[in-house]
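Participant: Turn this into a structure:
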Amino acid sequence: MTAITQFRLGSPAPEHDHPVEERRLEGNPLRTTWNHFTSVSGEINAGIWACEKGSWRIAFAPTKDEYFYVLEGRCRVIDEQGLAAEAGPGDAMVIPAGFKGVFEVVEPMRKHYVIVERGGA
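Facilitator: Got it, this is the predicted structure:
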């Protein structure tokens, strides 16, 4: 039987990491992920992500999209042409498949995320 996932009813064990050294631009921010949901196919993940201040280069696979909603803090996503999009509490953003650029955490942040990776994770 499939069940509804309510984030407030449980907290999965957190996963911690840092941006890989060759992608880091500023700082070495600790990133913490609480993945609350993974679809049966493995193509969809949803949860909460938190990060310290810092920045790093990102390169999304052509099959991966991410929607996120900022709960607290502030971030900036900058594309390869230098166009920046900022998000703070209450703002939502989509990083599309194939995107390349920089993810900058301007103020320590927490966000809800939904990642869709077609073709399996």
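Participant: Pull out the buried positions in the longest strand along the chain.
Facilitator: The strand that spans the most residues within the chain, counting by DSSP state E, is strand 100-117. The neighbour-count criterion (16 or more other CB atoms under 10 Å) identifies 101, 102, 103, 104, 105, 109, 111, 112, 113, 115, 117 as the buried residues of strand 100-117. C-betas here are computed from N, CA, C, even on glycine.
Participant: Can you list the strands that it pairs with?
Facilitator: Sheet pairing of strand 100-117 (DSSP bridges) gives strand 44-51 (antiparallel), strand 54-59 (antiparallel), strand 64-79 (antiparallel).
Participant: Correct me if wrong: residue 51 contacts residue 29.
Facilitator: Yes: using CB atoms under 8 Å, residue 51 is in contact with residue 29, at 5.3 Å.
Participant: one step back: can you tell me which of the strands paired with strand 100-117 comes nearest to residue 20?
Facilitator: Residue 20 lies closest to strand 54-59 among the strands paired with strand 100-117, at 7.9 Å (CB to CB).
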